[in-house]
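Asker: could you work out the structure for the sequence below:
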Amino acid sequence: MSFGSPILAAGIAALVATPVLAQPDLRDEIFYHFMPIAWRDSDNDTNRFGDFGGMEEAIPYLQQLGITSVWMNPIHPSPAYHGNQHGRGDEVNPWFGTEQDFTDYVTASDINFYVNLWVAGCP
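Answerer: Next up is the predicted model:
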């Protein structure tokens with residue numbers, strides 16, 4: 001079975017291999033939600049969109065706030081600024097960086113990361 005993306009395949013493998021009891025109790029988490037396109041631009045591109053580099057630079061700020069989990073709008077290619085009308089869920093929107101940039105971001109700390117994935121109506 002092919003999942004199309006190493007990130008997606010690794011995520012699914014981790015979920016399958018992790019016992020349910022080891023999952024964090026979300027009631028104990030302190031969440032911070034943001035839209036990636038509008039939060040933390042690190043390269044001052046012409047669009048001033050947020051990117052994974054800027055998000056990674058903000059990790060100390062989130063830790064200072066006591067944040068334990070980050071919840072992001074979809075990071076997949078989308079014609080909509082909010083990302084909720086995305087196509088393939090196994091690709092990263094190049095506005096934000098590469099898959100490697102995303103991997104570096106989510107592994108840079110012990111913060112838990114959650115990304116919206118809209119599946120209703122996807123081709």
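
Asker: please make it C-alpha for all contacts and neighbour counts, starting now.
Answerer: OK.

Asker: Tyr81 touches Ile37, doesn't it?
Answerer: Yes - Tyr81 is in contact with Ile37 according to CA atoms under 8 Å; the separation is 6.9 Å.

Asker: need the strands for this protein, in chain order.
Answerer: Secondary structure of the chain by DSSP state E: the strands cover 31-34, 69-72, 112-115.

Asker: please name the nearest non-neighbouring residue to Gly106.
Answerer: One thing to correct before we go on: residue 106 is Val, not Gly. Phe113 (6.6 Å; CA to CA, 6 or more residues apart in numbering).

Asker: could you measure from the one you found over to Val70?
Answerer: Look at Phe113 and Val70: by CA to CA, to the nearest Å, they are 5 Å apart.

Asker: which one of these two has more residues nearby?
Answerer: It is Val70, of Phe113 and Val70, that has more neighbours when counted by other CA atoms under 10 Å, with 18 against 15.

Asker: rewinding a little: adding mean pLDDT and distance to Gly87, write the strands of the chain out as a markdown table.
Answerer: Conversion of the strands of the chain to a markdown table gives the following (pLDDT from 0 to 100; distance: least, CA to CA, whole Å):
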| stretch | mean pLDDT | distance to Gly87 |
| --- | --- | --- |
| strand 31-34 | 92 | 20 |
| strand 69-72 | 92 | 17 |
| strand 112-115 | 89 | 15 |
